[in-house]
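Enquirer: Build me a structure from this.
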Amino acid sequence: MSKTKVLIVDDSALMRQLLTDLLSADADLEVVGTAPNPYVAWDKIQQTHPDVLTLDVEMPRMDGLTFLEKLLAHRPLPVVMVSSLTEQNSETTFRALELGAVDFVTKPKLDLISGTMAQASEIIAKVKAAARARPKPRTASSRPRIASWGFSTTHKVIAIGASTGGCEAIASVLGALPADSPGVVAVIHMPEGFTKSFAARLDKNCAIRVTEAKDHDRVLPGHALIAPGNFHLRVGRSGATVVARVQNGPPVNRHRPSVDVLFDSCAQQLGANAVGAILTGMGDDGANGLLAMRRAGARTIAQDESTCVVFGMPKEAIARGAAEQVLPLERIPQALLQLAAAK
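Expert: Numbers count the residues shown, from 1 in each chain. You can find the predicted model right below:
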């Protein structure tokens, strides 16, 4: 089996060396070149034909976002953003994902060497996942929004889980929901500090309200709660009211927040009053939880392979019999509402 070829694009010589050493240590990866700026990177792409790029944002002569947009328009390649700016300015990260970057990792704020090596397994996993992704240049078309459904019930809840490629997938689903949608709870594998910005960004572009979940927040119609990074999100009951429980605890399936944690709580607390959807992502987090939801009477959906950036989590859910329906991303919002409205 041939190795995955990686090109590293970063203006820092130290970071280029760190990433080269880190990725080269994996038997399945081969660093075929490095570049200090996008102009050199473009030449190296023609010469080495990499399977995946790691790309810094802040570089001389041409910033990473401009290069990313040009690259995906002319030669779509899977790209993992690696930049200190992604944490200081989360807008940069989300813009990169909108343009078509597959995923991102953050450079450590303090000790670059030890911090980067501590992230070795995460970086390697994301590069491998990105190499299997199908990147597409994003278009500027707006997302269609479903007309008001006139929901009168407050007891139905939509639960969503996603990972790699999930920022845009969740934005697509929530952006299509009407203002009177059932309440939504969602988990995406994202670091602490990013989920609040992600929720605020969604809130500007959705008919429903979107906020980062806080412990004991009520799950209300027309409102989506996003699990905060580094905390698990569960649903619980307070009398007749469904509430969010934001709690610490060990990672589940290597993740905190974990989709399985949310889905398991929906199975236990909501049963047939929940609708679950598992979207694009690597690994299998959420597959067993979605199965538990289905067995508890919930309606369930998995995103299909053709519209996933990485067909990992949905594939596992489908294989385990957890998905009642398998749908392309653009059909999921309407299906969620139909299933929530069903008796």
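Enquirer: hey, let's count contacts and neighbours off CA atoms from now on
Expert: Noted.
Enquirer: List the buried residues of stretch 111-120.
Expert: Residues of stretch 111-120 classed as buried by neighbour count (16 or more other Cα atoms under 10 Å): Thr116, Met117, Ala120.
Enquirer: One more: stretch 324-335?
Expert: Glu324, Val326, Leu327, Leu329, Glu330, Ile332, Pro333, Ala335.
Enquirer: Quick one: those as a markdown table, columns for distance to Val102 too.
Expert: Shown next, in a markdown table, are these (distance: Cα to Cα, whole Å):
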| residue | distance to Val102 |
| --- | --- |
| Glu324 | 27 |
| Val326 | 22 |
| Leu327 | 21 |
| Leu329 | 16 |
| Glu330 | 19 |
| Ile332 | 21 |
| Pro333 | 22 |
| Ala335 | 26 |
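Enquirer: For these, which two are the farthest from each other?
Expert: Greatest spacing in these, by Cα to Cα: Glu324 and Glu330 (17.0 Å).
Enquirer: and the helix or strand hosting Glu91, what other elements does it pack with?
Expert: Following DSSP states H and E, one finds Glu91 within helix 90-99. Where contact means 3 or more Cα pairs under 8 Å, 6 or more residues apart in numbering; DSSP states H and E, helix 90-99 is packed against helix 64-74, helix 85-88, helix 166-176, helix 194-205.
Enquirer: can we see that at 10 Å?
Expert: If you count contacts as 3 or more Cα pairs under 10 Å, 6 or more residues apart in numbering; DSSP states H and E, helix 90-99 packs onto helix 64-74, strand 79-83, helix 85-88, strand 103-106, helix 166-176, helix 194-205.
Enquirer: what's the angle from it to helix 194-205?
Expert: Orientation note: helix 90-99 sits at an angle of 70 degrees relative to helix 194-205 (axes from the mean of the first three to the mean of the last three Cα atoms, to 10 degrees).
Enquirer: Can you give the distance of helix 90-99 from its chain's centre?
Expert: In terms of Cα atoms, centre = their mean, to the nearest Å, the centre of helix 90-99 is set 12 Å apart from its chain centre.
Enquirer: Equivalent analysis for stretch 5-12, please.
Expert: That offset, for stretch 5-12, works out to 23 Å (Cα atoms, centre = their mean).
Enquirer: Skipping its backbone neighbours, what lies nearest the most centrally placed residue in the chain in space?
Expert: Against the mean C-alpha coordinate of the chain, by Cα atoms, centre = their mean, the closest residue is Gly166 at 2.7 Å. In this structure, Gly166 finds its nearest non-sequential neighbour in Thr280, 5.8 Å apart by Cα to Cα, 6 or more residues apart in numbering.
Enquirer: all helices for the stretch 151-300 of the chain, in order.
Expert: Secondary structure of the stretch 151-300 of the chain by DSSP state H, counting those that start in this stretch: the helices cover 166-176, 194-205, 259-269, 287-295.
Enquirer: Take the ones you listed and write them to JSON lines, including mean pLDDT and distance to Ala130.
Expert: Output for those, formatted as JSON lines (pLDDT from 0 to 100; distance: least, Cα to Cα, whole Å):
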{"stretch": "helix 166-176", "mean pLDDT": "96", "distance to Ala130": "13"}
{"stretch": "helix 194-205", "mean pLDDT": "94", "distance to Ala130": "20"}
{"stretch": "helix 259-269", "mean pLDDT": "98", "distance to Ala130": "20"}
{"stretch": "helix 287-295", "mean pLDDT": "98", "distance to Ala130": "20"}
